[in-house]
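Q: pasting a predicted model and its sequence here:
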Amino acid sequence: MTTDSEQAAQFASMEPDDCMAGAVHPSGSPVLSGAVDSNEEEALHPINWNLLTADEAEAEWLDLNAWVHWLRATYGLPPTVIPPFWHRHDELVWELSALHMHWLNAYDQDGSPSAPLAWHRDFADARNRLREWVSTCGTKLDRNRPTRLTTWPGEEPAEPGVEVAIEHREADFCAYVMEDVAARQRIEDRARAVAGAS
């Protein structure tokens, strides 16, 4: 188990390229690191981002980032479908994660030969949803703001998000993942401490 300070030191030594993991295999498929070790067979399963441990989240973020880089380059997707700051918008993360798992399943060597056609049909539907969410959340090619939340009667008013310029997408992704992983690790450490005290 690593402590927050050990994890912070590990992340501090990372470069943005360490987080990108956007390498592409000569076959044209993204090189996915983290979630599945090349020596282990692991069944594909849906990713529930709410339940991932710190280690699982780090691996999933890196794999998803690599795949999204491959997807946008392969299909020439504009920022109105996949914007640079997709990782800062839950609605985009969940959609892209589901699409990624669907793609892995469709192109599994033991899968059905017609599965890629089903994936492309679902990909067309997903692109329409992505366009709608990108439009609603307000993220663009060169700037980003948090998704606006509607305040329901009886709730405290939501803070309006401030739009910021995008200076370096990969550095922001790396910082965001480090923050997410550290937050998950703190929750795990507190749960262990409570379990140990009882």
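A: Thanks, I have the structure now.

Q: for A118, give me its contacts.
A: A106 (Cβ atoms under 8 Å, 6 or more residues apart in numbering). In this view, the C-beta of every residue, glycine as well, is placed from N, C-alpha and C.

Q: burial of D172, as a residue count?
A: 19 (other Cβ atoms under 10 Å).

Q: for it, give me its contacts.
A: 85, 88, 166.

Q: ok, R148 to L62 distance?
A: 29 Å (Cβ to Cβ, to the nearest Å).

Q: ok, these two, which is more surrounded?
A: L62 (22 against 13).

Q: show me where pLDDT drops low in this protein?
A: Applying pLDDT under 70 to the chain flags the ranges 1-41.

Q: show me where it has its helices.
A: For the chain, applying DSSP state H gives helices covering 4-12, 16-20, 54-75, 90-106, 115-137, 169-197.

Q: now the last one, how far from the chain's geometric center?
A: Looking back up the chat, that one is helix 169-197. 15 Å (Cα atoms, centre = their mean, to the nearest Å).

Q: which positions in it come out as buried?
A: 169-170, 172-174, 177-178, 180-181, 184-185 (16 or more other Cβ atoms under 10 Å).

Q: same question for the fourth one.
A: Taking 16+ other Cβ under 10 Å as the basis for neighbour counts, the residues of helix 90-106 that come out buried are 91-93, 95-97, 99-104, 106.

Q: could I get the residues you listed as TSV with distance to D125?
A: Shown next, in TSV, are the buried residues of helix 90-106 (distance: Cβ to Cβ, whole Å):
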residue	distance to D125
E91	15
L92	15
V93	18
E95	10
L96	14
S97	16
L99	10
H100	15
M101	15
H102	11
W103	14
L104	18
A106	14
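
Q: can you count the residues close to P116?
A: P116, neighbours per other Cβ under 10 Å, totals 14.

Q: distance check, V134 against P84.
A: In terms of Cβ to Cβ, V134 sits 11 Å off from P84.

Q: how about Y75?
A: 16 Å.

Q: same check, this time on A126
A: For A126, the distance to P84 - Cβ to Cβ - is 18 Å.

Q: which non-adjacent residue is nearest R127?
A: In this structure, R127 finds its nearest non-sequential neighbour in V81, 5.5 Å apart by Cβ to Cβ, 6 or more residues apart in numbering.

Q: list just the nearest of the buried residues of helix 169-197 to E156.
A: D180 (24.4 Å; Cβ to Cβ).

Q: dump the residue contacts of the closest one.
A: So D180 contacts 57, 61 (Cβ under 8 Å, 6+ apart).

Q: quick check: closest non-adjacent residue to R72.
A: That would be I82: by Cβ to Cβ, 6+ apart, it lies 4.8 Å from R72.

Q: show the contacting residues for the one you found.
A: 68, 71-72, 92, 96, 130, 134 are the contacts of I82 under Cβ under 8 Å, 6+ apart.

Q: and which of these is nearest to P116?
A: Closest to P116, out of all of the contacts of I82 and judged by Cβ to Cβ, is L71, at 13.9 Å.
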